[in-house]
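> I would like to see how this sequence folds:
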Amino acid sequence: MAAPTTKVGQEVLRHANKLHGMVTASGNEDAAERLAAEAQRWSMSGTDAVVVGDIKRGKSSLINAIVGRPGLLPVDADVATAVHLAVRHGSPESVRITRVDRETGEASMTEIDAADLGHYASMAGDASVVATVTAADVLLEDPLLERGLTIVDTPGVGGMTRGHRDITMAALQQADVLVFVVSCVEPVSRSELEFLADASDRIGNVVLVATRADLATREANEAMVDDLHHRIGVLADQRQADDPTAARRLRRLASRPAVLTSSYLAEQAARRMERGRVEQAEAMRAESGIDQLIDRLGQAVDARENVRLANLLQLVGAIGEQMRTEQADRLRAVDGDGSVEADLKARSEELEQAAGMQARWRGILATGISRMQTSAGRDVNHELTKVRDHYRDMLDATDVEVDPDSFGLQLQQSLVAAWANLSNTVSMQFDEVIRSLMDELTLESEPGLLGELVMPPGIQAMTARRDIDNDFDLLDDALPLATQSFAFGNIANAAVGVLGIATGGLGLMAYGIGAAIAAPVVMMRRKKRQRQLQAGAMQRALNESLFGQEGIAREFTTEVTLRIIDARQALETMVEERLTARRKELEIQRRELQDLLRSETATRASVKGEVERRLAELGAFQAETDRLVGEVDRVLEAAFSAAPPEPAIAGAPD
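Below you'll find the model as predicted:
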């Protein structure tokens, strides 16, 4: 689109051009460049949807489900940090990567097999090869993509992966839609919410998506979405004093519904459709929520112009508020308000005191980490004991036939749930350590450094069941059959004699009858004994796999301990960097304000008049921004109001 086609669109562009002139005149090159980059998007005909979220939140699986290609993007490893991975329409279908020669710096494009994409574009690939790849383009024939949508997969943004966060933020510079992905089975972390707050500064059209909804009940999914909205609202309250514009953005996000999805159900639906089970496939597809997300993305494509207007106004509002805050600080300074300098000086002194607490804060951290490591084994045993006791009760009920294959699958699912509970417990413990430390240092708390605890890969192999011997046993089966046949034969002969039937009874025929009667009894005993043997063998295998020398408990404890150690190192580095950065920032601000406070009265009066004029101009500008935001919001609300009802996924079907 060359230019807006509506009256409100033309008004928004004139408004943005006015701000561009203001920031250029003030020498704010960064803001001018951001506005110019956003303006360039008007010449682009496509719509870019950037999918973001922490590691292991199901982003790649979600994209595969959207385009109906299970296994297309690698799902076992995160996208490599420096790789821009885009899925767009194209024919013939192909996968192309762009690589840069390390010696010459020249870029070249190579077509690869889709199955090899993970080797070039994921963290699981060879590091020396991945380091040369800058982009991966997947070209597909798909109805949604054909309408002009490009879907961009990104690295995980949470935890300690700062490089991932930076590359994802860069990708948002060219985005129309932000698809923010969380998981129904993991609580959203503070680092994820902080990223959402920063990302929403660059893009206004945000779609909240919760994956893996089939793993939880309807009530649990609803509670998870409510918790997500609550946490966004809490962050908005915390941002209110320092950044009211960001607070307004977050409150708007807190009121938006989340799309519940299940890539697993979508994949299962496709398989059933291939087998001709149409009715079941359609039901599972509807329950997966993928079509609702596709509709939402399709509406964004159709409303492309207004989506870009909303994003432009988002940027305009953020820059305008930043300029207003700067001028308000200048006004306080030229008025001779010494409290500005006093406040900054006090904060600088606090940070200096914190820097002098080197031994103390490290001691606080060491104590908290030591407690976590001590409780790690106890927490692991607590979770796995619950699993063991549940399956022991199942196996003790020997009147119930236990299918080993089904048993193994259920056990794996229980272990996944146990790990999720453990991960949540450890994450909350580590966040508490961080909060205590940050309170001591008077720094802003930032939970989420622990990142996601990834389940150790050896667990699947450990849950393999032990085969049960079903051979017929001579002592336990043949001997009881013979003795009971003889007993039942004697009974038969005695009964014939009582009835006065033919002298001599039935003879050997009676023992044949006895065998016929005894055989089912023996087989019932044999079947019961087999169930008991099977249950005993499975209980021994269960206990060994959970608590044995190389059992799951050891794997769990080792993984948790290693992650705690890594997170501690990252936390120490973060504290040092944050203290240093804030001291430098406050010193610069203090010197600038001191210069203003020391200036002559006449100079201050002149500056004051200029600042007041700018504040009035920025106030009027912000009011116009708010009006235009309301206009565009109403248009977008009308465009998206036709979205179908949100499915309430309540667990995968049997």
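> Give me the residues contacting stretch 145-153.
45-51, 59-60, 63, 66-67, 73, 79, 84-89, 171, 175, 297-298, 300-301, 304 (CB atoms under 8 Å, 6 or more residues apart in numbering). The C-beta positions use only the backbone N, C-alpha and C, and glycine is treated the same way.
> If we use 7 Å, what do you get?
Residues from elsewhere that reach stretch 145-153, judged by CB atoms under 7 Å, 6 or more residues apart in numbering: 45-51, 59-60, 63, 66-67, 73, 79, 84-89, 171, 297-298, 301.
> How about stretch 254-274?
For stretch 254-274, the surrounding residues in contact (CB under 7 Å, 6+ apart) are 58, 61-62, 64-65, 68, 70, 207-214, 221, 225, 228-229, 232-233, 236, 280-281, 284-285, 287-290, 292-293, 296, 646-647, 649, 652.
> returning to that earlier point: in helices only, show me the contacts of stretch 145-153.
Among these, the members falling in helices (DSSP state H) are 59-60, 63, 66, 171, 297-298, 301.
> Dump the residues you listed into a markdown table; add distance to residue 98 and neighbour count as well.
As requested, these are exported to a markdown table (distance: CB to CB, whole Å; neighbours: other CB atoms under 10 Å):
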| residue | distance to residue 98 | neighbour count |
| --- | --- | --- |
| 59 | 21 | 26 |
| 60 | 19 | 23 |
| 63 | 19 | 24 |
| 66 | 23 | 25 |
| 171 | 15 | 23 |
| 297 | 25 | 20 |
| 298 | 29 | 16 |
| 301 | 25 | 18 |
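> Okay, and residue 579 sits in which element?
Following DSSP states H and E, one finds residue 579 within helix 552-598.
> Name the residues of stretch 270-287 that are buried.
Residues 270, 272, 281, 284-285, 287 are the ones in stretch 270-287 that count as buried (16 or more other CB atoms under 10 Å).
> typed the wrong thing, it's stretch 89-107
89-90, 95, 97-100.
> Could you do stretch 110-119 as well?
Across stretch 110-119, burial judged by 16+ other CB under 10 Å covers 117-119.
> which one of the residues you listed sits closest to residue 187?
Using CB to CB, residue 118 comes nearest to residue 187 of the buried residues of stretch 110-119, at 28.6 Å.
> how close does residue 389 get to residue 150?
Per CB to CB, to the nearest Å, residue 389 is found 51 Å from residue 150.
> Between those two, tell me which one has more neighbours.
The residue with more neighbours, out of residue 389 and residue 150, is residue 150; 18 against 10, by other CB atoms under 10 Å.
> Which of the helices and strands in the chain ranks last by mean pLDDT?
helix 479-499 (a mean of 46; mean pLDDT, DSSP states H and E).
> next SSE after the helix or strand hosting residue 268?
Assigned by DSSP H and E, residue 268 belongs to helix 263-274. Sequence order places helix 278-288 as the next helix or strand after helix 263-274, per DSSP H and E.
> tell me the angle that following helix makes with helix 59-66.
Between helix 278-288 and helix 59-66, the angle comes out at 140 degrees (axes from the mean of the first three to the mean of the last three CA atoms, to 10 degrees).
> other SSEs contacting helix 278-288?
Helices and strands touching helix 278-288, by 3 or more CB pairs under 7 Å, 6 or more residues apart in numbering; DSSP states H and E, are helix 263-274.
> Would you mind measuring from residue 307 to residue 632?
Distance, residue 307 to residue 632, by CB to CB: 9 Å.
> Check which helix or strand residue 230 maps to.
Element membership for residue 230, per DSSP H and E: helix 218-239.
> so after that helix, what's the next helix or strand?
Next element after helix 218-239 (DSSP H and E): helix 244-254.
> Give me the mean pLDDT for that following helix.
If you average the pLDDT over helix 244-254, you get 86.
> Report the buried residues of that helix.
Buried-residue list, helix 244-254, by 16+ other CB under 10 Å: 245-254.
> what do you get for stretch 365-379?
Quick answer for stretch 365-379 (16+ other CB under 10 Å): 365, 368-369, 372, 376, 379.
> what sits up against it?
Applying CB under 7 Å, 6+ apart, the set of residues contacting stretch 365-379 is 422, 425, 429-430, 433, 436-437, 557, 560-561, 564, 568, 571-572.
> any idea which of those residues is closest to residue 144?
After measuring the contacts of stretch 365-379 against residue 144 - CB to CB - the closest member comes out as residue 422, at 38.5 Å.
> what are the ranges of the strands in the stretch 101-250 of the chain?
Counting by DSSP state E, counting those that start in this stretch, the stretch 101-250 of the chain has strands at residues 107-112, 133-140, 149-153, 177-183, 206-211.
> Just checking: what are the partner strands of the shortest one?
Read that as strand 149-153. Applying DSSP bridges, strand 149-153 is found paired with strand 47-53 (parallel), strand 84-89 (antiparallel).
> quick one: which of those strands is nearest residue 316?
Nearest of the strands paired with strand 149-153 to residue 316, taken as CB to CB: strand 47-53 at 19.8 Å.
> Check the strands paired with strand 149-153 for me and report the most buried one.
Neighbour counts (mean count of other CB atoms under 10 Å) averaged over each of the strands paired with strand 149-153 peak at strand 47-53, with a mean of 25.
> Next, the angle strand 177-183 makes with that strand.
Going by the same axes, to 10 degrees, strand 47-53 makes 20 degrees with strand 177-183.
> so how far is strand 47-53 off the chain centroid?
14 Å (CA atoms, centre = their mean, to the nearest Å).
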